[in-house]
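**Student:** Below: sequence and its predicted model.
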Amino acid sequence: MQKYYESDAKLGDLGNCRIAVIGYGSQGRGQALNLRDSGLDVIIGLRPGKSWEKASEDGFEVFDVATAVDMANVVMILVPDELQGDVYRAQIMPNIKEGDCVMFSHGFNIHYGQIVPPPTVDVIMVAPKGPGHMVRRVFTEGGGVPALIAIHQDATGKARQIALAYAKGIGATRAVVLETTFQEETETDLFGEQAVLCGGMTALIQAGFETLVDGGYAPEMAYLEVLHECKLIIDLIHEGGFTKMRDSISNTAEYGDLTRGPRVIGPEAYEAMEEILTEIQNGEFAREWLLENQINRPVFTALKRQGEELMIESVGREVRGLMPQFRNLSK
Ligand SMILES: NC(=O)C1=CN([C@@H]2O[C@H](COP(=O)(O)OP(=O)(O)OC[C@H]3O[C@@H](n4cnc5c(N)ncnc54)[C@H](OP(=O)(O)O)[C@@H]3O)[C@@H](O)[C@H]2O)C=CC1
Ligand SMILES: CC[C@](O)(C(C)=O)C(=O)O
Ligand SMILES: [Mg+2]
Ligand SMILES: [Mg+2]
């Protein structure tokens with residue numbers, strides 16, 4: 001894979017550009033603040049509401065989406081994936097100009113054909129491999145969250161330089177930037193969040209918590225064991241792979257890890273993962289999610305509420321309340 005670092009990217013490639021960041025949520029805020037701190041010209045496009053107030057408080061000039069797109073030549077679309085098609089057709093498409101650059105942090109709408117920009121514009125992805133709040137936090141600490149870039153259309157012949165300059169502006173070249181395609185980013189990102197990072201992880205933690213509580217152990221004990229300590233173990237895996245984690249745990253834990261882990265994630269889990277990947281590759285997941293939104297998200301709403309009502313959530317609030325390190329953390 002092609003890799004890029006600080007010396008491969010020039011902020012000057014965005015020097016004459018005005019960047020409109022459309023949306024000011026997790027990624028929008030993180031990216032916009034980092035770009036501004038990198039000395040770039042950034043405005044924000046929004047609808048009236050909470051995000052508009054936040055962006056104004058943070059000192060940005062905020063406009064409705066159509067005006068922001070009209071005023072800019074680089075447009076980063078950071079509204080939720082499920083709304084991007086409507087926002088693009090109503091407010092972005094009528095205001096983009098020949099030679100502009102349309103950017104995404106996830107390939108969903110391009111890959112699944114929900115947005116088809118005209119051939120006269122660059123279409124680029126700069127996708128941080130981490131939550132927006134961390135894109136900001138790590139940048140302010142002097143580091144960067146790695147990112148993927150991809151070029152879908154290169155109308156100006158400068159798409160790659162612009163992608164790299166943007167990646168530098170948000171701090172990603174301080175870590176590493178890898179070049180991929182819209183297809184590869186979309187399919188791996190959806191798979192990762194569904195099967196491992198979010199879906200797989202919460203299901204694994206919940207199953208462990210329920211098993212201990214059903215076995216008669218105190219919920220607080222179960223929480224500390226299967227959720228709180230998760231981060232400490234993951235930090236070691238993150239720093240040095242399974243080897244570093246296994247060097248740090250006891251031999252007893254390591255033997256249990258090696259012999260019992262594959263019983264928890266056995267053939268059934270592999271089959272489920274293959275099915276999930278197929279649904280992503282053949283567009284079934286995308287169709288389901290877009291249709292779910294068209295009917296006002298009944299399944300999403302019900303499952304979200306059930307998740308919020310789980311015992312692990314209320315026990316977690318209590319246990320975190322016992323530890324000073326959690327008291328000043330925002331939600
Ligand atoms: N969350 C993450 O860390 C990651 C996200 N991404 C991608 O980044 C993109 C943005 O996701 P994310 O940051 O999670 O989004 P959020 O849900 O956090 O934020 C969405 C923003 O869009 C605004 N918005 C919603 N609807 C409209 C509209 N009709 N017109 C104008 N503004 C609107 C919201 O404002 P309001 O307050 O008015 O609702 C809010 O500021 C997606 O493509 C996602 O896949 C990629 C990597 C990681
Ligand atoms: C893991 C979820 C994610 O893909 C991300 C933070 O990278 C997302 O879509 O939010
Ligand atoms: Mg992701
Ligand atoms: Mg994602």
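**Tutor:** Okay, I see it. Ligands and ions are numbered 1, 2, ... in the order given.
**Student:** In three-state terms, how would I115 be classified?
**Tutor:** coil (DSSP: H, G, I helix; E, B strand; the rest coil).
**Student:** Nearest to ligand 4: which residue in this structure?
**Tutor:** D189 (4.4 Å; CB to the ion). In this view, the C-beta of every residue, glycine as well, is placed from N, C-alpha and C.
**Student:** if you skip the residues just before and after it, what's nearest to that residue?
**Tutor:** H106 (6.1 Å; CB to CB, 6 or more residues apart in numbering).
**Student:** Give me the three-state assignment for the one you found.
**Tutor:** Taking three-state DSSP, the label given to H106 is coil.
**Student:** coming back round to it: touching, the residue of the chain closest to ligand 4 and P128? I think so.
**Tutor:** No: between D189 and P128 there is no contact under CB atoms under 8 Å: 10.7 Å.
**Student:** Among these two, which residue is more densely surrounded?
**Tutor:** Taking other CB atoms under 10 Å, D189 and P128 do not tie; P128 has more neighbours (26 against 19).
**Student:** which residues does the more buried one bridge with?
**Tutor:** A147 (DSSP bridges).
**Student:** Could you pull up the residues touching it?
**Tutor:** 27, 30-31, 105, 135, 145-147, 170, 172 (CB atoms under 8 Å, 6 or more residues apart in numbering).
**Student:** measure it to E239 for me?
**Tutor:** According to CB to CB, to the nearest Å, P128 and E239 sit 20 Å apart.
**Student:** residues near I151, how many?
**Tutor:** When neighbours are counted by other CB under 10 Å, I151 registers 17.
**Student:** For it, give the beta-bridge partners.
**Tutor:** I124.
**Student:** any idea how far it is from Q161?
**Tutor:** Relative to Q161, and taking CB to CB, I151 is found at 11 Å.
**Student:** Just the residues contacting stretch 220-238, thanks.
**Tutor:** Residues contacting stretch 220-238 (CB under 8 Å, 6+ apart): 201, 205, 208-209, 212-213, 244-245, 248-249, 312, 315-316, 318-319.
**Student:** buried sites along stretch 190-209?
**Tutor:** For stretch 190-209, the neighbour count (16 or more other CB atoms under 10 Å) marks 190-191, 194-195, 200, 204-206, 208-209 as buried.
**Student:** okay, these in CSV with pLDDT and distance to T120 next?
**Tutor:** Supplementary listing: the buried residues of stretch 190-209 in CSV, determined by pLDDT from 0 to 100; distance: CB to CB, whole Å:
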residue, pLDDT, distance to T120
L190, 98, 29
F191, 98, 33
Q194, 98, 35
A195, 98, 38
G200, 98, 42
L204, 98, 47
I205, 98, 48
Q206, 98, 49
G208, 98, 53
F209, 98, 54
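**Student:** so who does the most centrally placed residue in the chain touch?
**Tutor:** With distances taken as CA atoms, centre = their mean, P131 lies nearest the centre of the chain, 4.6 Å away. P131 is in contact with S26, counting by CB under 8 Å, 6+ apart.
**Student:** Distance of it relative to ligand 1?
**Tutor:** 4 Å (CB to the nearest ligand atom, to the nearest Å).
**Student:** Show me where the chain dips below the pLDDT cut-off.
**Tutor:** 330-331 (pLDDT under 70).
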